[in-house]
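# For reference, the sequence and a predicted model appear below.
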Amino acid sequence: MDTTILNYLNSFAGRWMFFDTAVIFKAEYLGWWMLTGLGAFLIYPVYFGRKRFVSTWTFHVQVQMQMVFVALVSAFFSRFFITDLIRFFYSRPRPFETMDIYQLVAHDGGSSFPSGHAAFFFALAAGVFIYYRKWGILFYLFALAMGISRVIAGIHWPSDILGGAVIGIVSAYLVNYFVLKYKKYSS
């Protein structure tokens with residue numbers, strides 16, 4: 001199944017320059033836009049927020065800071081702890097190492113499962129989704145577009161993306177659970 005989906009998605013690579021450029025952008029640079037969007041959650045209320053109702057404004061800023069904290073901690077935890085731990089025990093070669101496919105993005109060989117990009121950016125998306133559903137859906141769509149683009153580009157198997165997505169989402173909910181538990185006991 002993995003090979004079939006990979007071959008189908010990768011068959012679109014190398015046909016149209018515009019499509020390839022869009023895939024490369026999503027696979028390599030969309031994550032920076034997601035991080036910028038996350039930063040905007042902190043900048044917007046501080047510089048553009050209405051301070052008419054100070055208590056409401058302060059609460060809103062605290063919620064946004066908590067959301068950014070949960071998103072970033074879960075992203076780093078899922079990417080630099082869980083995925084690296086799994087890769088230590090299980091090394092799966094990347095598609096371009098085992099198959100003759102069209103590779104759009106230059107990448108070193110080595111462990112591909114689970115996808116570190118997917119773990120990181122799905123954790124960000126889940127962290128935003130927990131606090132702001134509408135923005136979270138947009139972040140999820142960006143993370144999904146990035147994951148699919150990395151499959152089209154030939155550097156990940158579809159199951160790598162799925163595994164990374166599950167790790168990222170579960171990490172965000174666990175981090176949020178512990179943050180809420182800490183806040184409850186510290187109050």
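All right, it came through fine.

# And the contacts of stretch 73-84?
Around stretch 73-84, the neighbours that count as contacts under Cβ atoms under 8 Å, 6 or more residues apart in numbering are 114-116, 119-124, 126-127, 164, 167-168, 170-172, 174-176. In short, each C-beta sits where N, CA and C put it, glycine included.

# Then stretch 163-174?
Residues from elsewhere that reach stretch 163-174 (Cβ under 8 Å, 6+ apart): 70-71, 74-75, 77-79, 82-83, 86, 113-127, 129-130, 143-144, 147.

# Report the mean per-residue pLDDT for it.
Taken as a whole, stretch 163-174 has a mean pLDDT of 97.

# buried ones in that stretch?
By 16 or more other Cβ atoms under 10 Å, the buried positions in stretch 163-174 come out as Gly163, Gly164, Ala165, Ile167, Gly168, Ile169, Val170, Ser171, Ala172, Tyr173.

# quick one: which of the residues you listed sit in helices?
Under the assignment DSSP state H, the buried residues of stretch 163-174 contribute Gly163, Gly164, Ala165, Ile167, Gly168, Ile169, Val170, Ser171, Ala172, Tyr173 to helices.

# Now the two most distant members of those residues.
The largest separation in these, counting by Cβ to Cβ, is between Gly163 and Tyr173 at 16.4 Å.

# With adjacent residues omitted, what lies nearest to the residue positioned nearest the centre of the chain?
Residue closest to the average C-alpha location in the chain (Cα atoms, centre = their mean): Phe121, at 1.0 Å. Spatially, and ignoring its direct neighbours in sequence, Phe121 is nearest to Ala143 (4.2 Å; Cβ to Cβ, 6 or more residues apart in numbering).
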